[in-house]
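S.K.: Sequence and predicted structure are below.
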Amino acid sequence: MSDTTHAGLTIEITPGVDIPAHLVGEVQSKLAYVDERIRAAEVAPSGDRITLQVQAEEDTPQLQAELDEKVQRVIDTMVKGAFKPKIQVLEDHLQRPTPYNQDPMQELVARGEVSQEATGMFSLGPLVTRLIDYFEDQFLGLADAFDANPYRFPTLIPAKYLERVNYFSAFPHSLSFVTHLREDLDVIDEFAQHAACDQHGLNTPPDSFAQVQALLSPAVCYHLYFSLADQPLPNGRLAATAVGSCFRYEAINLASLERLWNFTMREVIFVGPKDYVLKNRENARQHMSQVLEETGLAYRVESANDPFFIGEFRKQAAFQSAFQLKFEIRARLPFEDSTLAVGSYNYHQDFFGRHLNISLPDGSPAHTGCVAFGLERIAFAFLAQYGLDVRDWPASVREAVHG
Ligand code: 5GP
Ligand code: ZN
């Protein structure tokens, strides 16, 4: 079934199997990667209808058939045989009273506090920057509590390392590749004379670019593990901290500060024996519970899984859930009655220790874990709960931001 609108076509698809409520969001986010012509996708909360906004001149049976086949493939792979994970809630402060209930984006843009360079790329003004600095101080306090050593990591990440930790099969959809012109005078001359942008981007022929050896980094802690690869872990344990730019391409899911292509992550990272990593992950949660109380943030900590790609999703998500590998700090967004992950407590078992050959003094592979915060997201969630008028903010935040 379809009808035409001036923006393109609306196409409705009936899933071959109903999508259970707990997978509606996951399936919807994957529809962004199904076909370049899809401009918007919505799975009905009841899970029995999918509505696509499609950029196409006319509706043809062929278009319908192509989209239907790909969408059903996503549903079959993600939904068939899936079981509902038991959500474990470690902390629930979602009902903490907060004074604001508007979407802060409009006011942020009007005041020049947020300006969009392109989809998923934003510049932030003084108030938001000071607010992020306040949160950064809290995260540095967390790092200090563990005597975590500071590190700085590159924004680029070598393809060969991502391959070694199976990133390509787990998250292919969100990768951002880096290249440069081939070292060839003709290619460089040609580019210098003819490079131009249209609405689709640069007009450069793909064969002018060198083969991809580097990507934009999707996470901070990977760099620490890479630096420890293929050797025994000095002292048998390590606590570290770093902040860095991270990149996850989110296609049409990119919207406001909730989801960025280019965002900033602060991590506190633990490497060592299993008990050491798990105990510190729990201590970090308890430390942050006090910090977040002071900031007044309304949030909940609950079990979660990473957004694995379609083929890997069911198995990997079930694995993370069964072994309690990931807990998210989900802050309330009052204006849309939803929650947003502003941070996560992660335990990777000995995955990186095995794949990167990081060994403990007894010869066994090291375990790793990290506590990660999305800086733009935590500031956005705070502003969604407290608004832009600092007089309405909790005293500790107001004083830190305004001296
Ligand atoms: P994780 O490694 O748990 O996926 O990410 C850690 C944190 O980084 C998340 O809890 C979130 O705050 C932030 N983050 C992850 N993806 C995005 C994104 O697409 N945009 C923004 N703004 N933050 C993100
Ligand atoms: Zn991490």
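M.R.: Thanks, I have it. These numbers come from a predicted model, not from an experiment. Ligands and ions are numbered 1, 2, ... in the order given.
S.K.: could you point out which element follows the worst-scoring helix or strand of the chain on mean pLDDT?
M.R.: Least confident helix or strand, the chain: strand 2-5 with a mean of 49, by mean pLDDT, DSSP states H and E. Tracing the chain past strand 2-5, the next element assigned as helix or strand by DSSP states H and E is strand 8-13.
S.K.: Would you map the helices across the stretch 101-250 of the chain?
M.R.: 105-110, 126-145, 159-164, 167-170, 185-194, 221-227 (DSSP state H, counting those that start in this stretch).
S.K.: Need phi/psi at the closest residue to ligand 1 within the stretch 301-403 of the chain.
M.R.: Nearest residue of the stretch 301-403 of the chain to ligand 1: Gly374, at 2.2 Å (C-beta to the nearest ligand atom). Backbone N, C-alpha and C define where each C-beta goes, glycine included. Main-chain torsions, Gly374, degrees, to the nearest 10: phi -90, psi 110.
S.K.: what does the one 3 residues further on give?
M.R.: Taking degrees, to the nearest 10, you get phi -70, psi -40 for the backbone angles of Arg377.
S.K.: Just to check, it is in contact with Val342?
M.R.: Yes - look at Arg377 against Val342 with C-beta atoms under 8 Å: they come within range, at 4.7 Å.
S.K.: any idea how far Pro232 lies from Pro361?
M.R.: Going from Pro232 to Pro361 by C-beta to C-beta, to the nearest Å gives 7 Å.
S.K.: quick one: contacts for Thr179?
M.R.: By C-beta atoms under 8 Å, 6 or more residues apart in numbering, Thr179 lies in contact with 209-212.
S.K.: could you pull out the strands for the stretch 201-350 of the chain?
M.R.: 201-202, 214-216, 231-232, 238-247, 262-272, 299-303, 326-333, 338-347 (DSSP state E, counting those that start in this stretch).
S.K.: Run through who's touching the second one.
M.R.: This means strand 214-216. Contacts for strand 214-216 (C-beta under 8 Å, 6+ apart): 155-159, 162, 175-178, 245, 247, 262.
S.K.: centre of the chain versus it, how much separation?
M.R.: 16 Å (C-alpha atoms, centre = their mean, to the nearest Å).
S.K.: Quickly check: that strand near ligand 1 or not.
M.R.: No - judged by C-beta under 6 Å from any ligand atom, strand 214-216 makes no contact with ligand 1; its nearest approach is 12.6 Å.
S.K.: Please renumber the chain so that the first residue is 38 from this point on.
M.R.: Okay, using 38 as the starting number, the last item reads as strand 251-253.
S.K.: what lines up beside that strand in the sheet?
M.R.: strand 193-195 (antiparallel), strand 214-215 (antiparallel) (DSSP bridges).
S.K.: With mean pLDDT and distance to ligand 1 as added columns, please give the ones you listed in TSV.
M.R.: Compiled in TSV, the strands paired with strand 251-253 are given as follows (pLDDT from 0 to 100; distance: least, C-beta to the nearest ligand atom, whole Å):
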stretch	mean pLDDT	distance to ligand 1
strand 193-195	98	14
strand 214-215	98	17
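S.K.: what's the most buried one of those?
M.R.: Mean neighbour count (mean count of other C-beta atoms under 10 Å) peaks for strand 193-195 among those, with a mean of 16.
S.K.: residue contacts, the residue of the stretch 338-440 of the chain closest to ligand 1?
M.R.: Taking C-beta under 8 Å, 6+ apart, we find Gly411 in contact with 300-302, 378-380.
S.K.: Recalculate using a threshold of 6 Å.
M.R.: The neighbours of Gly411, taking C-beta atoms under 6 Å, 6 or more residues apart in numbering as the test, are 300, 302, 379.
S.K.: Nearest residue to Ala354 in space, please, no chain neighbours.
M.R.: Distance criterion C-beta to C-beta, 6 or more residues apart in numbering; nearest residue to Ala354, sequence neighbours excluded, is Asn342 at 3.8 Å.
S.K.: thinking the one you found is in contact with Ala355, fair?
M.R.: No - here Asn342 does not reach Ala355: they are 8.1 Å apart, not a contact under C-beta atoms under 6 Å.
S.K.: Please name the bridge partners of the residue of the stretch 338-440 of the chain closest to ligand 1.
M.R.: Bridge pairing for Gly411 - DSSP bridges - gives Met302.
S.K.: and the residue of the stretch 38-187 of the chain found nearest ligand 1, what are its phi and psi?
M.R.: Per C-beta to the nearest ligand atom, Gly157 is where the stretch 38-187 of the chain lies closest to ligand 1, at 7.8 Å. Per-residue torsions, Gly157: phi 80, psi 10 (degrees, to the nearest 10).
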